[in-house]
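Visitor: everything below, folded, please.
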Amino acid sequence: MPNTPPAPSATLSPPSAAVSPPASRHAVGVSNDEFRAALSRLAAGVVLVTAQEASLDPDDPQAPVGEDVGMTATAFMSVSLDPPLVLVSLREGSRMDDLLDEQPLWAVSVLSESQRHIAGRFAMKGRISDRLLFEDIPYVRGGATGAPLVGGALATLECRTEQRVEAGDHVLVIGRVLTASLPSADGGPLLYFRGRYRQVG
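Guide: A predicted model of the protein is given here:
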């Protein structure tokens, strides 16, 4: 029986050599690790995106509304001045993505350097219920959206979804800004750089 040569992409290793699993690569040749490492060098501001679940019975004005939901985000940016539009990127299928697919009203609080604990709390995996996460955080409820606006934030925005764009494993939510305010002029911004929360200076 003739010998069959290995496929051109196969690599033969001595039996004693340890073989590491290859890094997951995309069609263009950039691995997940390479992509994450490169983008971690881009400093980003940190915001808390919030929304309130709609009433359990929209036809009954006395029906209780659902829970407040919050999510830490660094993929947030201004899109347009006229009309005033902003964009936030959400992981597809996340709790916030599912909520904003049904609830068009949401808000953003731009966190200050002293609010690192808030960012960390709402970024936790396997976290406790949203109701408990908001329990000891000072906030007011936005008049245009009903969403929590964090006390002491550098800025707050209330938004209404204008467009949702699927982009790979994320959804880009573009919102029209309904209100904008500056609750606090103290302190600098909270930043995210190389996998850690940081402050200016």
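
Visitor: C-alpha from now on. contacts and neighbour counts both.
Guide: Will do.

Visitor: ok, Arg91 touching Asp97?
Guide: Yes: contact criterion C-alpha atoms under 8 Å: Arg91 and Asp97 qualify, at 6.8 Å.

Visitor: pLDDT wise, what is the residue sitting nearest the centre point of the chain at?
Guide: Geometric centre of the chain, nearest residue: Ala73, 3.2 Å, by C-alpha atoms, centre = their mean. pLDDT for Ala73: 96.

Visitor: identify the bridge partners of it.
Guide: Val47 (DSSP bridges).

Visitor: doesn't Val46 make contact with it?
Guide: Yes: the pair Ala73 / Val46 is scored as a contact, 5.9 Å apart, by C-alpha under 8 Å.

Visitor: which stretches of this protein form strands?
Guide: In the chain, the strands defined using DSSP state E lie at 44-45, 47-52, 68-73, 76-80, 85-91, 105-110, 139-141, 148-150, 155-167, 170-181, 190-193, 196-199.

Visitor: can you tell which of these is closest to Leu133?
Guide: Closest to Leu133 of those is strand 68-73 (C-alpha to C-alpha; 8.4 Å).

Visitor: quickly list what the closest residue to Gln163 other than its chain neighbours is bridged to.
Guide: In space, and not counting its chain neighbours, Gln163 is closest to Ile174: 5.2 Å by C-alpha to C-alpha, 6 or more residues apart in numbering. With DSSP bridges as the criterion, Ile174 is bridged to Leu87, Gln163.

Visitor: could you count how many residues lie near Ile174?
Guide: 22 (other C-alpha atoms under 10 Å).

Visitor: need the pLDDT of it.
Guide: Looking at Ile174, its pLDDT reads 98.

Visitor: any stretches of this protein with poor pLDDT?
Guide: The chain contains residues with pLDDT under 70 at 1-27, 58, 126-128.
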